[in-house]
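**Student:** The following block contains a protein sequence and its predicted model.
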Amino acid sequence: MVALVFIFLGASATSAQAASASYQAKAAIYSPAQKLTLKAGAKSKIKIDYRNLGKTTWLNSGTNALKVKADATAQKFSHPQWLSATTPIKLYYPAVKTGETIWFEIPITVPQLNGTYNLEFSLLAGATAVTNSAATFTITVTGGKNPPAPATDPTKTVSGSPASPSLGGNEVLSFNAQQKSNLPVTIDSDNYQLKFNGQTIDSQKLGPRFQIDFNFDVKRYFINNQYGTRVLMTDQPIDFVPTDSTAQLKLTAGLPADTGSAQAGPEYSFCGHLQFNYQAGKQALTILTDAPATCAPKLLPGLTPVAPTPPAASFWQIVPTDINIINDLRMTEPTIKVGLLYQTDQPASTGQSSLGGSEDELPFKIHTLNQAPYEIRDDQGGLLTLATSGDYLSVDFDFKLKKYFLIDSDGKRLTMTDQPLHFIARSPDTIFEIASWKNGPFWGMNVNDNDYRGDIIIKYNSNTDRLWLINEIAMEEYMKGMSEISDSWPIEMLKAQQIAARTYAMFRYINPKYTNSPDPDDDPIFTVRSTQADQVYRGYQAELRNPNLVAAATATRGIIATYNNDPILAYYFSQSNGRTRSSVEAGMTRVAVDYLPGVVDPPGEGKTLKGHGVGLPQYGGKAAADQGANYSQILKYYYRGIDLKKFYP
């Protein structure tokens with residue numbers, strides 16, 4: 001891989017201009033190669049240095065986390081290490097203060113189509129564009145395929161019908177429930193569309209590699225991005241339509257060899273239009289095509305991968321295989337509070353939600369699914385109203401008077417109070433919906449995650465002038481809504497992740513973080529937030545989407561990682577660059593923590609650090625699980641000297 005250094009000069013700014021902008025940057029050029037030529041398919045890196053000239057410190061977490069944005073052309077150079085199709089990388093240092101300089105090293109994969117590309121990368125702080133951060137340059141691609149001539153007849157597609165007539169019977173591959181190792185099917189292609197049920201997803205959204213999976217139990221198709229993260233689910237067949245119907249492409253029946261999987265699948269070459277269609281009569285997922293026989297998928301025996309055997313595959317084997325769970329039943333299952341969303345008295349253009357949005361969410365409109373009854377009480381337990389049929393009720397708040405208003409579905413004010421409001425479920429199966437909140441999309445999925453188990457609390461924090469919407473929920477129900485990694489990852493990594501997430505929440509339950517509360521007894525306003533400020537929690541809809549993560553939580557119920565008998569501060573992050581960081585090195589703790597040292601992480605070698613670098617690297621844990629590690633080995637490799645204890649039945 002060739003590392004290219006591009007340092008671009010943004011528009012000059014006077015000190016007065018810099019002071020007037022909250023987010024402003026400057027880049028300086030010290031390489032003259034603003035125009036260059038690269039070979040199709042090559043991998044390279046771009047290094048861009050930025051100086052913070054704004055008034056606000058750049059952060060790597062929270063609602064205004066700094067990240068690099070790729071424009072539509074730059075997205076054609078997407079690399080498997082990118083965070084998403086539009087976001088190559090985010091800030092890896094905890095903070096960059098005004099006047100300080102930081103550099104980003106962006107991996108790129110040169111597309112297969114010849115031509116000249118004008119790329120632009122820029123910075124975003126949350127949803128805010130950073131002034132003068134655009135870095136533009138030109139790359140000419142050679143040695144690849146010439147762009148196809150414009151098509152005069154659109155390729156046939158499936159639009160919600162069970163099968164496209166032009167593809168009927170022309171079967172080229174087939175997998176049944178006993179051949180799950182051949183799923184997901186992975187396709188590498190630079191320019192294509194996926195069509196299903198009247199919807200279309202193109203290569204700019206998914207990137208140059210994507211997966212199609214199928215669940216034989218529920219008869220659902222799943223589209224995953226290049227990282228294995230689920231993007232969409234459908235019960236209709238899926239059409240793959242390449243821009244160039246004659247270009248030779250690659251299909252892998254399973255995970256490709258370059259993912260490091262020990263169960264990498266066979267590879268095929270193909271060209272043309274494919275349809276993925278479950279045949280109920282055969283109880284098999286079939287791949288159909290309308291292309292000529294010369295384009296049908298053909299096995300590439302020379303590329304059939306072999307399970308990897310380098311020393312890096314055994315790094316986790318220094319930990320014994322025995323899983324020793326110590327029974328230490330010291331408590332009943334705790335109930336925690338999750339900060340979902342806050343509202344201020346600022347106008348809609350400046351008010352913020354917990355996800356960094358700017359919509360004015362008040363009044364909060366709440367009801368229950370399936371018309372389940374619920375009650376509303378004040379902070380002292382006094383009953384304010386009983387909703388017997390899941391009625392829609394709204395809560396508004398006057399920031400000047402510091403008063404809560406409860407409003408019925410007809411807009412009639414039911415009561416006014418200066419006490420926080422508690423929406424209390426009358427059954428453990430009750431699901432509250434925050435109907436006024438648009439909480440999506442998420443990971444490229446067109447979802448609205450606004451449904452929650454447990455109770456809902458609406459509480460004003462006078463110390464911060466924020467009105468919070470809080471989910472009070474039992475720990476194990478909270479675990480079902482976790483969405484930190486893909487549900488399709490190996491089950492042992494899912495278990496390791498759920499134990500780490502449960503342990504982090506338990507640590508915050510015992511050692512409160514959000515203590516800036518007006519409560520006289522100094523109770524924290526909540527335990528954790530629902531975002532990357534703590535852990536990504538998406539509630540009931542995530543529970544439905546992620547059956548494997550739910551199963552992993554159930555299998556590890558009550559298990560906590562401890563050191564010297566106390567829950568550890570179980571930090572985790574996405575991906576290392578070959579080693580993790582100690583908590584002191586990364587600035588996550590003020591003093592050294594024995595169980596959070598820096599350790600060698602072979603799966604991250606040659607890759608870009610994503611996250612703070614402390615604790616469990618999720619992709620490192622996934623690689624270990626792919627190679628045969630169990631969840632105990634994964635956790636005890638990255639968190640040194642820990643025990644696994646069951647805190648409650």
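**Tutor:** Thanks, I have it. Numbers count the residues shown, from 1 in each chain.

**Student:** In a helix, residue 75, correct?
**Tutor:** Yes: secondary structure of residue 75 (DSSP: H, G, I helix; E, B strand; the rest coil): part of a helix.

**Student:** so where's the stretch 501-649 of the chain shaky on pLDDT?
**Tutor:** Filtered on pLDDT under 70, the stretch 501-649 of the chain yields the residue ranges 519-522.

**Student:** where do the strands sit along it?
**Tutor:** 528-529, 559-563, 566-567, 572-573, 616-617, 643-646 (DSSP state E, counting those that start in this stretch).

**Student:** And for the fourth one, what's in contact with it?
**Tutor:** Counting by CB atoms under 8 Å, 6 or more residues apart in numbering, strand 572-573 makes contact with 484, 497, 500-501, 504, 610-618, all of which sit outside it. Bear in mind the C-beta positions are built from the backbone N, C-alpha and C, glycine included.

**Student:** could these go into a markdown table alongside neighbour count and distance to residue 89?
**Tutor:** Formatted as a markdown table, the contacts of strand 572-573 follow (neighbours: other CB atoms under 10 Å; distance: CB to CB, whole Å):
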| residue | neighbour count | distance to residue 89 |
| --- | --- | --- |
| 484 | 18 | 19 |
| 497 | 27 | 22 |
| 500 | 27 | 23 |
| 501 | 24 | 24 |
| 504 | 22 | 24 |
| 610 | 21 | 7 |
| 611 | 23 | 11 |
| 612 | 21 | 14 |
| 613 | 27 | 13 |
| 614 | 27 | 18 |
| 615 | 27 | 20 |
| 616 | 24 | 20 |
| 617 | 28 | 15 |
| 618 | 23 | 16 |
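
**Student:** just to revisit the earlier point, need the winner for burial among the strands of the stretch 501-649 of the chain.
**Tutor:** strand 616-617 (a mean of 26; mean count of other CB atoms under 10 Å).

**Student:** Listing partners with orientation, what would you give for it?
**Tutor:** strand 572-573 (parallel) (DSSP bridges).

**Student:** how about low-confidence regions in the stretch 301-450 of the chain?
**Tutor:** 301-313, 347-360.

**Student:** In space, what's closest to residue 430 - neighbours in sequence excluded?
**Tutor:** residue 372 (4.4 Å; CB to CB, 6 or more residues apart in numbering).

**Student:** from what I can see that neighbour touches residue 427, true?
**Tutor:** Yes: between residue 372 and residue 427 there is a contact under CB atoms under 8 Å: 6.1 Å.

**Student:** tell me the contacts of the residue nearest to residue 430?
**Tutor:** With CB under 8 Å, 6+ apart, residue 372 has these contacts: 390, 425, 426, 427, 429, 430, 431.

**Student:** Out of those, which comes closest to residue 70?
**Tutor:** residue 431 (37.6 Å; CB to CB).

**Student:** which residues sit in contact with the nearest residue to the closest one once chain neighbours are set aside?
**Tutor:** Computed as CB to CB, 6+ apart, the closest residue to residue 431 that is not its neighbour in sequence is residue 369, at 4.4 Å. Applying CB under 8 Å, 6+ apart to residue 369 gives the contacts 390, 430, 431, 432, 433, 451.

**Student:** The third one: neighbour count?
**Tutor:** Using other CB atoms under 10 Å as the criterion, residue 431 is surrounded by 20 other residues.

**Student:** How confident was the prediction at residue 299?
**Tutor:** With respect to pLDDT, residue 299 scores 68.

**Student:** quick one on the thing from earlier: in helices, which of the contacts of strand 572-573 fall?
**Tutor:** 497, 500, 501, 504, 618 (DSSP state H).

**Student:** Among the residues you listed, which pair sits farthest apart?
**Tutor:** 504 and 618 (13.3 Å).
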